[in-house]
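Asks: Dropping the sequence and predicted coords here.
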Amino acid sequence: MTKEETAEEKRRVGNEVMERVIQAMDSFYPTPDKAMVWLLKFLQTDLSKLGPTNFDPLRYELASFVWHGPPELPRINLAVAKPWQTHVYDRLSIPSLKEAAAVQTYVRNLLDEFMQEGKLSYRIPAMTKFIARVPRFVKAGKHSHIDPTLPDTFWMASSVRDALIYYFDRLLDRFALNLYRCPSHDRYGNVCRKIFLSSRHDQKYCSKRCENRINARRYRLVKKAKKHKAEKKKGTHERKGVHRGTKRRY
Ligand SMILES: [Zn+2]
C-alpha cells in the first residue's frame, strides 16, 4: 500500500466512524427530555443479555452522548479526559462492555437510591475549571454569537466516565420531579418498576404496553361486575344490600 492509499484508507475509516457517532446522536437529540429518556433506557438495559450486534450501536450512543453532551446543557471539555478503552479514530474512543457495565452500575445505584429514598447525596467527580478573560462564544442550535457580557469558561473532565456522571447529574437536576417508577403489573402481581420520565402530568405508566395492560384488566373487571349484576337481577329474589360494601361504580 502506498502512502497516499494509507492516508485515503484512514480518511475513509474516520468518516465512517464520524458518521456513526453523528447517527448515534439521534438517540438523545434534540431535547433534554429525549436525552433523559435515553439515559434512563441505558441505565435500565440488561447489558449481560445484549449480544455484540445490539451492544455495538449502544457503545456508539454512549461515546456520542459523552462526546456531544445532552442538548441545551453546558458541554464538558474532553481535551485532557482519559478516553474509553477502545480507540477508534482521532481523539474518539468507544467503551468496552466492561466499561459500560461499570459506569452503568455506578450511576444506576445513585438513581435507585434517589428513587427509593426520595433524596440523594453524592460526590461529583473532580474537574478542572477553565476561565479566560475573553468574551464567551455562545452556541445556540445552529447559530452562534459572541456574548461580551460573559467570560469564556468551561469544565474539563479527567475522564469520559466522569463526564458521563456529570451529565447524569445535570439531567437529574432538571428532571428529578418528573421521575416515577411504573406501578403496572401482570396478572401474577409482578410489578414493572421501570423508572421513567413522565412527560405529561397524567402519565402514570412507563409505556403504552404497561398502560394497556392495566386498562385491559380494569375493563375485564368492569365487564365481570356488570355480568354479575345482570345475572343477579335475573335471579328470582334479589337480595338488596348484601354486596353493598364491594359494589363499585364506574
Ligand atoms: Zn412499565
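Replies: Done, it's in. The model shown is predicted, which means the values in this text are computed figures rather than measured ones.

Asks: okay, which residue is most central for this protein?
Replies: Compute the mean C-alpha point of the chain, and by C-alpha atoms, centre = their mean the closest residue is Leu39, 2.0 Å away.

Asks: That residue: which element?
Replies: Per DSSP states H and E: Leu39 is located in helix 32-43.

Asks: cool, and Arg220?
Replies: helix 208-234.

Asks: Quickly check: that helix near the ion or not.
Replies: Yes - counting by C-beta under 5 Å from the ion, the ion is contacted by helix 208-234 at Cys210. To be clear about C-beta, it is placed using only N, CA and C from the backbone, and glycine gets the same treatment.

Asks: Give the rounded mean pLDDT of that helix.
Replies: The average pLDDT within helix 208-234 is 86.

Asks: Now do the buried residues in it.
Replies: Neighbour counts over helix 208-234 (16 or more other C-beta atoms under 10 Å) mark Cys210, Arg213, Ile214, Ala225 as buried.

Asks: Just give me the closest of the residues you listed to Asn54.
Replies: Comparing the buried residues of helix 208-234 against Asn54 with C-beta to C-beta picks out Cys210 as the nearest, at 22.2 Å.

Asks: Domain map for this structure?
Replies: 3-181, 183-235 (automatic domain parsing).

Asks: okay, those, which one's buried deepest?
Replies: domain 3-181 (a mean of 15; mean count of other C-beta atoms under 10 Å).

Asks: distance between the ends of that domain?
Replies: Start and end residues of domain 3-181 are separated by 57 Å (C-alpha to C-alpha, to the nearest Å).
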